[in-house]
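>>> How does the following fold in three dimensions:
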Amino acid sequence: MPDSSSFPRAYRSALAPALAAAGVALLVALWWIGRPLWLDEEIMAINMRERMLAGFTRPLWLDESAPFAFLIAGRTLMLVLGTGERAIRLLPLAFGVATIAAAAWIGRRWMSPYGAALLVLLCASSRWLTVYTGELHPYSADVLFALLLPALGAWAVDDPDRKTTTRRVAMFWVAAAIGQLLANGALFVTPASAAVMTVFLLRRDGMRGATRAMTPAALWLGAFGLNYAFTLRHALASPVLSGVWAFAFPPRDAGLGESIRWLATALGAFAFKPGGAQLRLLFWTASIAGLVSAALAGRRAAWAFLLVPVSGCLLAVLRFVPMYERLSIWIVPAMYVGIAFLADAAINGVTRRAVRIGAVTMAVVVAIDVTSEGARGAMELADNPGQNRSLDDRAAVRWLARQKQPGSVWVTTHYGLPAIWWYSGIGDTPIVELSYQPSDDRCPERSDVADALGDASRVLLYLGFRFDDWPHGFDDLLVQQLTRWGTVAAYRPVSDFGQAVVIDRQPGSHGITTLRSLNPRYESVPLPPNGCLVARPATIAGFGSWPP
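Next up is the predicted model:
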């Protein structure tokens, strides 16, 4: 049993593990809520549910892209555990828990107990890291491998024994090879991590020793070939994906000055989402200062992590990887390591009192900023367990499905289709997809909407996910048009924005209505001027072929 003098030190050493345990408990609690899926998750889940393993080597449906092994792992979980929200989100949860464990290991190896605790706190409480750990995306895997691989690269060259180094370098390349099949973040950080390993190996062992140690890189190159054949080439060739993310790159004809201004704006936005900080300039200052100071102090891990944001900026400016929210989340762990290094250096390494106080204050303020923003995000998730992005596709679609009768037809908009395909199934009932088309002329009395509905006796209308294609007043316009040929048989407002309407088209039914007349709380806005509804049968294959 330790004596009384050892208790303070024991308490310091227990800080990081205690925070890690609390962080894992938070992730598990939010996962246990089992919120309904939202649009992006539904698209991913449909691909996993409907495809056999060989199907993941071809372009995915619904303009989706994801690493090959991530899809296989998700499909396997569905087959074993089912398609409930908790079951299919178990994979991102596992990556989130592993991220906290990796942060604890990094802190224990390269930092004081206080620096380690700060790193764990940031990784466990960050708003967007928490959000994406609770959703069916590969983004939590991006975070894990972007945190783990630079650390493994530094760990590999930390030991002076050459046999140990060779074994650890091989472990790095195995992790990098597996990682890139699970997470794009692993692919993006590997070159920088490998560069740091190579430089230190060249300095210590010369060209021959470095070449021998780096031989396992061939395994990574083989995995890259598979990754390119199965995933990357499809994503790069997709006109939809390139068009969607074109705004997240600098203009093609941008000069140096314009590219720098664009990058500065993008980095400012990055600090909040996905960085999780309101104090954007302070976030970047603390992160970079911590990484630079630790690198100059001789910590190899700091060099590896410092090259991560540099890689992100280069990949964005060269138009390879978007600098936008969740697609750049793989840069976030390196920033958190920098903040923790800053606090650690101030506590242990900087001799001038004023500098120490300033550095500690900066790191603590940023940590409080990130943690408080994360707490707000977690409370928002907990306060609305039945909603996701202010919608409840699960309740709406299942309620409408219970109203289904022979001769029914689903009606929704472009971004409402995945909700129906996921929560109701594919192919059992026809779906009509409606969109709004501006027009200088009056719409015809009998539009193609009536033709698309055909002989359907009941319309199951779901108004769910909103996007730029959905002008103000579209909801009322749509309900008005549909009730020209039928009467509202049932109505249910679902969540803050979702609307579920059942319209019977029996002979003699009549009575044009609006959502405002169905629900006085509905915010009525003027109908879109000079616009018509356009309809077509909805199919999985045609999802991206008809601009919404």
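
>>> Now do the phi/psi pair for Val488.
For Val488, the backbone dihedrals are phi -70, psi 120 (criterion: degrees, to the nearest 10).

>>> Same question for Arg492.
Residue torsions, per degrees, to the nearest 10, at Arg492 are phi -150, psi 120.

>>> Now do it, the pLDDT please.
The predicted local distance difference test score for Arg492 is 93.

>>> which one is it nearest to, not counting chain neighbours?
Counting by C-beta to C-beta, 6 or more residues apart in numbering, Ala500 is the residue found nearest to Arg492 once chain neighbours are left out, at 4.6 Å. Just so you know, the C-beta spots here come from the backbone N, C-alpha and C atoms, and that holds for glycine as well.

>>> From what I see, that neighbour and Leu400 are in contact.
Yes: in this structure, Ala500 is within contact of Leu400 by C-beta atoms under 8 Å, at 5.2 Å.

>>> Mind listing the shared neighbours of these two?
460-462 (C-beta atoms under 8 Å, 6 or more residues apart in numbering).

>>> Show me how far the helix or strand hosting Glu41 is from its chain's centre.
The secondary structure element spanning Glu41 is helix 39-50 (assigned by DSSP states H and E). Relative to its chain's centre, helix 39-50 lies at 14 Å (C-alpha atoms, centre = their mean, to the nearest Å).

>>> Just to be sure, the residue nearest to Arg492 is in a strand?
Yes: assessed by DSSP: H, G, I helix; E, B strand; the rest coil, Ala500 belongs to a strand.

>>> Kindly give the local confidence score, pLDDT, for it.
For Ala500, the model assigns a pLDDT of 95.

>>> ranges for the helices of the stretch 301-450 of the chain?
Listed from the start of the chain, the stretch 301-450 of the chain has helices (DSSP state H, counting those that start in this stretch) covering 332-348, 353-383, 393-402, 417-423, 448-453.

>>> what does the stretch 151-300 of the chain give?
Under the criterion DSSP H, counting those that start in this stretch, helices of the stretch 151-300 of the chain are mapped to 162-182, 184-213, 217-227, 233-237, 239-244, 256-272, 280-296, 300-317.

>>> right, so the ones you listed: which one is the most enclosed?
Ranked by mean neighbour count, the helices of the stretch 151-300 of the chain are led by helix 300-317 with a mean of 22 (mean count of other C-beta atoms under 10 Å).

>>> Output the contacting helices and strands for that one.
Taking 3 or more C-beta pairs under 8 Å, 6 or more residues apart in numbering; DSSP states H and E as the contact definition, the neighbouring helices and strands of helix 300-317 are helix 90-110, helix 139-156, helix 184-213, helix 256-272, helix 280-296, helix 332-348.

>>> Next, the contact list for Phe216, please.
Phe isn't right for residue 216; it's Pro. Pro216 is in contact with 169-170, 173-174, counting by C-beta under 8 Å, 6+ apart.

>>> Pick the one among those residues closest to Ile43.
Taking C-beta to C-beta as the measure, Val174 is the one of the contacts of Pro216 closest to Ile43, at 31.3 Å.

>>> tell me the domain ranges of the chain?
Structural domains annotated on the chain: 4-383, 393-537, as defined by automatic domain parsing.

>>> Out of the helices of the stretch 301-450 of the chain, which is closest to Ser238?
Ser238 sits nearest to helix 417-423 of all those, at 17.2 Å, using C-beta to C-beta.

>>> Can you tell me which helices and strands the closest one packs against?
Here helix 417-423 is seen to pack against helix 39-50, helix 393-402, strand 408-413, strand 431-438 when contacts are counted using 3+ C-beta pairs under 8 Å, 6+ apart.

>>> I'd like the ones you listed laid out as TSV, including mean pLDDT, distance to Pro520 and mean neighbour count.
Formatted as TSV, the helices and strands packed on helix 417-423 follow (pLDDT from 0 to 100; distance: least, C-beta to C-beta, whole Å; neighbours: other C-beta atoms under 10 Å):
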stretch	mean pLDDT	distance to Pro520	mean neighbour count
helix 39-50	94	28	21
helix 393-402	96	20	21
strand 408-413	93	24	23
strand 431-438	85	25	18
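
>>> Adding distance to Val370, write the ones you listed out as CSV.
What follows is the helices and strands packed on helix 417-423, written out as CSV (distance: least, C-beta to C-beta, whole Å):
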stretch, distance to Val370
helix 39-50, 24
helix 393-402, 31
strand 408-413, 37
strand 431-438, 40
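
>>> which one of these lies closest to Gly454?
strand 408-413 (7.6 Å).
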